[in-house]
Each structure stands twice: as C-alpha cells, then as structure tokens.
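In: Need coordinates for the below:
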Amino acid sequence: MKIRRLVQALALGTTLLAPLASAWAATTFCYVAEVMVLSNRVHVLCSQSLSGFPYFAVPASDSGMATRFTDMASTAWAEGQPLFIDYDPYADASSFGCAYHDCRRALSVSLSFKY
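Out: Numbers count the residues shown, from 1 in each chain. Below is the predicted model of the structure:
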C-alpha cells in the first residue's frame, strides 16, 4: 500500500513539475516493452500505443525528468499498467537522438492504477 501511494505521489509530482505542453500536445497510453538509458536520452518502447510512434524519450541532460521518466516507466512495466504520455506530435527531438520518424519527446507522464 505504501508503494502505491509513493507511485501516486510521483505521478502527481511529475505532472506538476513537467514543462507546459505546447498547443499541439497530445496524450497517448503506452504499454512499456523496454526502458533504455543511453548517454543522450532515456527512452521507452511501447508495445501498444495509439500514437503511431513506438518510442518516447527525454533528454539525459534533464536529469530530474530523466530519473522520474525512468522510475515511472519501470513501474508501469512492472505493474503491467499503461504509462500515459503527453507529447507534441510535430516537435523534432533529434537533438538528443530521438528519430523524427518513430520517436517523440515526452512532455509529461502519469500512471493510473486500477483497484
């Protein structure tokens, strides 16, 4: 029970601390198939997502967001629950290795558990 409250607190904190989404922001769900930490980014590979983009990432240079993103994605994967991701479908995040044709920058993430 304490772990679930911690996860809920992390989800709320991430949502509140995340940068404001642009006018073009969209939200999708992601059943996490992979969480990978690279030198320039942290990304997730979604096994199921309605966005059309299999990868979502954040730059490693934003260490706070990268840590929260990794923690929440790992929790979603371990619990078998979807990770909800806000992203800009038109933004280019290639500056940190996120390919335009299959990856978007996560602006914020959240979890929602069924009880």
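
In: Sketch out the helices for the protein, chain order is fine.
Out: 2-17, 63-79 (DSSP state H).

In: Lowest average confidence across those helices, which one?
Out: Mean pLDDT across these is lowest at helix 2-17; the value there is a mean of 50.

In: and the gap between residue 103 and residue 59?
Out: Distance, residue 103 to residue 59, using CB to CB, to the nearest Å: 12 Å. Every C-beta, even on glycine, is put in place using the N, C-alpha and C of the backbone.

In: try residue 65
Out: According to CB to CB, residue 65 stands 8 Å off from residue 59.

In: Among those two, which residue is more densely surrounded?
Out: residue 65 (22 against 17; other CB atoms under 10 Å).

In: if I read this right, that one contacts residue 58, doesn't it?
Out: Yes. Assessed by CB atoms under 8 Å, residue 65 is found in contact with residue 58 at 5.0 Å.

In: Quick one: residues in contact with stretch 45-56.
Out: 26, 28-34, 36, 43-44, 82, 85, 87, 89, 98-99, 102-106 (CB atoms under 8 Å, 6 or more residues apart in numbering).

In: Narrow those residues to those that are buried.
Out: 26, 28-32, 43-44, 82, 85, 87, 98, 103-106 (16 or more other CB atoms under 10 Å).

In: Max pairwise distance over those residues: which two?
Out: Farthest pair in those (CB to CB) is 82 and 98. Separation: 20.5 Å.

In: which residues do residue 103 and residue 59 both contact?
Out: What both residue 103 and residue 59 touch, as defined by CB under 8 Å, 6+ apart, is the set residue 93.

In: Tell me where the model's unsure across this protein.
Out: Scanning the chain for pLDDT under 70 picks out 1-23, 114-115.

In: redo that, cut-off 90
Out: For the chain, the stretches with pLDDT under 90 are 1-25, 48-52, 91, 112-115.

In: in it, which spans are strands?
Out: Along the chain, the segments classed as strands by DSSP state E run 26-37, 41-48, 55-59, 83-87, 103-111.

In: Wait, residue 42 touches residue 64, no?
Out: No. Residue 42 is beyond contact range of residue 64, at 11.6 Å (criterion: CB under 8 Å).
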